[in-house]
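A.B. asks: Just to be clear, the model below is a prediction. Sequence and coordinates:
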Protein chains: 2
Amino acid sequence: MNGNVIVGQSGGPTSVINSSLAGVFKTAKDRGANKVYGMLHGIKGLLDKQYVDLSEKINSTMAIDLLKRTPSSFLGSCRYKLPEIAADKATYEKIFAILKELDIKYFFYIGGNDSMDTIKKLSDYAKMVNSDIKFMGVPKTIDNDLAVTDHTPGYGSAAKFIASTMKEIIRDGLVYDYPTITVVEIMGRNAGWLTAAAALAKSDDCEGVDLIYLPEKVFDVDHFMAKIRDLSKTGRSIVVAVSEGIKVADGRFVFELADHVEFVDAFGHKQMSGTAKFLSNKITAELGIKARCIELSTLQRCAAHMSSRTDITEAYNVGGAAVKAAFEGETGKVVVLKRVSDDPYMCITETADVGEIANIEKKIPLEWITDDDYVTNDLIHYIHPLIQAELSPIMVDGLPRHLNVNK
Amino acid sequence: MNGNVIVGQSGGPTSVINSSLAGVFKTAKDRGANKVYGMLHGIKGLLDKQYVDLSEKINSTMAIDLLKRTPSSFLGSCRYKLPEIAADKATYEKIFAILKELDIKYFFYIGGNDSMDTIKKLSDYAKMVNSDIKFMGVPKTIDNDLAVTDHTPGYGSAAKFIASTMKEIIRDGLVYDYPTITVVEIMGRNAGWLTAAAALAKSDDCEGVDLIYLPEKVFDVDHFMAKIRDLSKTGRSIVVAVSEGIKVADGRFVFELADHVEFVDAFGHKQMSGTAKFLSNKITAELGIKARCIELSTLQRCAAHMSSRTDITEAYNVGGAAVKAAFEGETGKVVVLKRVSDDPYMCITETADVGEIANIEKKIPLEWITDDDYVTNDLIHYIHPLIQAELSPIMVDGLPRHLNVNK
């Protein structure tokens, strides 16, 4: 084995992004890697020479099992886009100098479509300067919006949390003897994959949600209110799943329709929230029906205690497969998941050219969204295997134990 | 065994209120009860003769195990206060006529301090009219605000969900390389027990929350902002737990300080939410620090997938102990939990006069709240045993299975 390995995490965290880190680390070690470094806060940290020797952090089989169950990015994250090579060669020279200093031959980056842009640029630059360093992308995102891959690690666990929480919310909503409307806001700015997972709540023991609204389709407020009015005539309680990113015909987000929008943060970004609150307020004000809103918020991406074992295993596997491919000479690639069978569900890993994935957003096909504000069975069958099975949390003192980042 | 049994559920649901129902049902059956009826939607439903024969709903040992894991009130709930006896005898005559029709000799009501008022009035009336029906209260509430009892079933599971979710939120908040402030809003209008549970997140593998604000103490907005400013100077991310019910010195709720308060529902009730949003908006606007708010909302009372086994067992036991006491002739009582040992933790059941409990709210003693906006070790030690151990959810098709209410 010649040279060392470095791995980083980037973008929004997921419940299983650390399982991919475990997969990279363990596979690299098993295949004879000397040092495995971890960048702190991704490529941005690396530029400041912030890195650790991962063997000091992950120093037992117990640590690997804890790491798989630890939510959020163990190494820290960043949202940093590398400049175009032509515009700023100095940044690339700096990165490659640091990699040389550490004798890095294999570079792995765990992230979403923005992060894959980093792999693309670094592998392009390596080709330009005839560097033999291999650059591989490892996919992750709860949003499930990466192209080429059947689905993304991180999505299954978020979907499982959403579906199981939705079952509990539905039970809770039915408790009183008068009807209530519950509007649940789920993450997803442009793609509705997470919100669609609410459909999985429906089962032998659960009525399911009544309506599902995804950002792929224009949202019509009048149509929505008419639907709620009709459904409320049944006299039963109603639960609605809405994506935070739904928009009306003129392109505004639904939450922007509120009288007062204070959803701009210190950096001038619109904060994606308030959709459910706006709609539940409107129902109460105009229809006089008791309505409440629930934002699943950050819990969707960090509720590791309700992870899907399928997801944890696949997250680990894409990490391991990236190492295998790089060690065998591949570069400028991303590991993707390919569903080879639906029933029984089986998925294998392949590699795809990073250019096919970087900066591309995969949305729900419109034919998977029904005209009566729900999703098709095809979409449910697509998600269903991804939430299967569990990896029991390691409970210590009554709470799920994580691998301590700072020790 | 002479006569039949009836049981109802009332007030806000919890994750383990159905474990108490299982405890009443199973113990009554084991001790020779003939019929065990369930009121639908509590005493309000009973007044409309809405009840079921529970043996038809809970017809296997598997059903009992599912019921223990099913959140929300299996029988439905109500928020209905019986009139004063002197003011409206007709209502009592109607109830007792229905009970006679069903040959009820034992009446159990699972609820909080408002619901115990129902037991008080019914047992008072029984005494007045020389009825031999026994009336027993079974305590439940996530709020933990019942007098006499060491704690209430339902609290431990809510506390466990809050503490474990807080650990995940803390991990999530630390991921980027710039500091963020996260304000988490937790239930509790007048009592801070639930919010105090956030303190349990702190452990070997978790930094814990930085500040805790409870409704037992007046909230000072300027002091809070100064604290945040100071803490933000450390450069690290900060997590704050606030109760939805915190108030400023003039008696207004903090959420009422927002420019626009639309938190009045169709029934004219102030909706208890917006505290965290108000504070995080203020931090961003005045300090220019990225702040976000998270409302744990309904999940706190229905996240049965993260229940405490200690809590589920105690919930079952108070149900069973109520049956035992009633069958032995007690009436007008509530089963309470008495902590007989702290280390090792041991709790037994006793009965207390319902008059000592009905309509009384137990708050956190002020000496358990520190001057630096946190809670004492005494309070942590009080909560700690209540979140211990788990009862694994029965997972079917990737999701926690519940007992179907409608079958």
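C.D. replies: Nice, thanks for sending it over.

A.B. asks: A:Ile186 is in contact with A:Leu294, correct?
C.D. replies: To be clear, residue A:294 is Ile; Leu isn't right here. No. Counting by CB atoms under 8 Å, A:Ile294 does not reach A:Ile186; the two are 9.6 Å apart. To be clear about C-beta, it is placed using only N, CA and C from the backbone, and glycine gets the same treatment.

A.B. asks: out of these two, which sits in the more crowded spot?
C.D. replies: In this comparison of A:Ile294 against A:Ile186, neighbours counted by other CB atoms under 10 Å in any protein chain shown, the higher total goes to A:Ile186 at 30 against 24.

A.B. asks: My understanding was that A:Phe25 contacts A:Glu56; is that so?
C.D. replies: No. In this structure A:Phe25 lies outside contact range of A:Glu56 using CB under 8 Å: 11.6 Å.

A.B. asks: more neighbours, these two?
C.D. replies: Using other CB under 10 Å, the more surrounded residue of A:Phe25 and A:Glu56 is A:Phe25, with 27 against 9.

A.B. asks: A:Phe108 versus the more buried one, what's the distance?
C.D. replies: Plainly put, A:Phe25 is 10 Å away from A:Phe108 if you go by CB to CB, to the nearest Å.

A.B. asks: what sits in contact with each of those two?
C.D. replies: For the pair A:Phe25 and A:Phe108, residues contacting each of them under the criterion CB atoms under 8 Å, 6 or more residues apart in numbering or on different chains are A:7, A:319.

A.B. asks: ok, and the closest non-adjacent residue to the residue positioned nearest the centre of chain A?
C.D. replies: By CA atoms, centre = their mean, chain A has its centre lying nearest to A:Ile142, at 1.5 Å. Once its chain neighbours are removed from consideration, A:Ile142 has its nearest residue in A:Ala158; the separation is 4.0 Å (CB to CB, 6 or more residues apart in numbering or on different chains).

A.B. asks: name the element that neighbour belongs to?
C.D. replies: Following DSSP states H and E, one finds A:Ala158 within helix A:155-173.

A.B. asks: and that helix, what other elements does it pack with?
C.D. replies: Counting contacts by 3 or more CB pairs under 8 Å, 6 or more residues apart in numbering or on different chains; DSSP states H and E, helix A:155-173 packs against strand A:181-186, helix A:193-196, strand A:238-243, helix A:299-302, helix A:309-327, helix B:299-302, strand B:399-400.

A.B. asks: so does the shortest one get close to chain A?
C.D. replies: Same thing as strand B:399-400. Yes. Using CB under 8 Å from any CB of the partner chain, we find that strand B:399-400 touches chain A at B:399-400.

A.B. asks: For that strand, which outside residues touch it?
C.D. replies: Contacts with strand B:399-400, where a contact means CB under 8 Å, 6+ apart, come from A:160, A:163-164, A:167-168, A:200-201, A:203, A:387, B:69, B:304-305, B:393-394.

A.B. asks: Could you list the low-confidence segments of chain A?
C.D. replies: Regions of chain A meeting the criterion pLDDT under 70 cover residues A:1, A:260-272, A:407.

A.B. asks: let's go with 90 and repeat that
C.D. replies: Low-confidence segments of chain A, defined by pLDDT under 90: A:1-2, A:113-114, A:173-179, A:235-236, A:258-274, A:358-359, A:404-407.

A.B. asks: Spell out which residues make up each domain of it.
C.D. replies: Here the domain assignment for chain A is A:4-141+A:304-359+A:389-400, A:155-302, based on automatic domain parsing.

A.B. asks: Mind putting those domains into TSV with distance to B:Ile17?
C.D. replies: Rendered in TSV, the data for the domains of chain A read as follows (distance: least, CB to CB, whole Å):
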stretch	distance to B:Ile17
domain A:4-141+A:304-359+A:389-400	20
domain A:155-302	10
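
A.B. asks: out of those, nearest to B:Val16?
C.D. replies: Relative to B:Val16, the nearest member of those by CB to CB is domain A:155-302, separated by 12.7 Å.

A.B. asks: quick one, what contacts A:Ala321?
C.D. replies: Shown here is A:Ala321, whose contacts under the criterion CB under 8 Å, 6+ apart are A:335, A:349, A:351.

A.B. asks: helix, strand or coil for A:Thr14?
C.D. replies: Secondary structure of A:Thr14, reduced to three states by DSSP: H, G, I helix; E, B strand; the rest coil: coil.

A.B. asks: same thing with A:Phe135?
C.D. replies: Reduced to three states with three-state DSSP, the structure at A:Phe135 is strand.

A.B. asks: And for it, the neighbour number?
C.D. replies: Other residues near A:Phe135 number 26, with proximity taken as other CB under 10 Å.

A.B. asks: and the residue nearest to it when sequence neighbours are not counted, how many neighbours?
C.D. replies: In space, A:Phe135 comes closest to A:Ser123 once its chain neighbours are excluded; the distance is 4.1 Å by CB to CB, 6+ apart. Residues within reach of A:Ser123, counting by other CB under 10 Å, total 23.

A.B. asks: Let me have the contacts of strand B:399-400 in TSV, extended by distance to A:Gly3.
C.D. replies: Supplementary listing: the contacts of strand B:399-400 in TSV, determined by distance: CB to CB, whole Å:
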residue	distance to A:Gly3
A:Lys160	39
A:Ala163	44
A:Ser164	44
A:Lys167	49
A:Glu168	50
A:Leu200	45
A:Ala201	49
A:Ser203	51
A:Ile387	39
B:Arg69	52
B:Ala304	51
B:His305	45
B:Pro393	46
B:Ile394	49
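
A.B. asks: Nearest to B:Glu244, out of those: which one, please.
C.D. replies: The shortest separation between B:Glu244 and any of the contacts of strand B:399-400 is 19.5 Å, and it belongs to A:Glu168 (by CB to CB).

A.B. asks: Thought A:Asp210 was touching A:Ile170, still the case?
C.D. replies: No. Under the criterion of CB under 8 Å, A:Ile170 lies out of contact with A:Asp210, with a separation of 9.5 Å.

A.B. asks: Name the residue in those two with the higher neighbour count.
C.D. replies: A:Ile170 (25 against 20).

A.B. asks: wait, A:Ser273 sits on A:Phe253?
C.D. replies: No. With contact defined as CB under 8 Å, A:Ser273 does not reach A:Phe253; the gap is 10.0 Å.

A.B. asks: okay, the two: which has more neighbours?
C.D. replies: Set side by side, A:Ser273 and A:Phe253 give different neighbour counts by other CB under 10 Å, the larger being at A:Phe253 (23 against 19).

A.B. asks: Next, count neighbours for the nearest residue to the more buried one once chain neighbours are set aside.
C.D. replies: Nearest residue to A:Phe253, sequence neighbours excluded (CB to CB, 6+ apart): A:Lys247, at 5.5 Å. For A:Lys247, the neighbour count with other CB under 10 Å is 18.

A.B. asks: which residues does A:Lys247 contact?
C.D. replies: Residues in contact with A:Lys247 (CB under 8 Å, 6+ apart) are A:215, A:218-219, A:253-254.

A.B. asks: What about these, which one has the most neighbours?
C.D. replies: A:Val254 (25 neighbours).

A.B. asks: Quick check: that residue touching A:Val248?
C.D. replies: Yes. With contact defined as CB under 8 Å, A:Val254 reaches A:Val248; the gap is 6.4 Å.

A.B. asks: shared neighbours of these two, anything?
C.D. replies: With contacts taken as CB under 8 Å, 6+ apart, the residues that reach both A:Val254 and A:Val248 are A:219, A:221.
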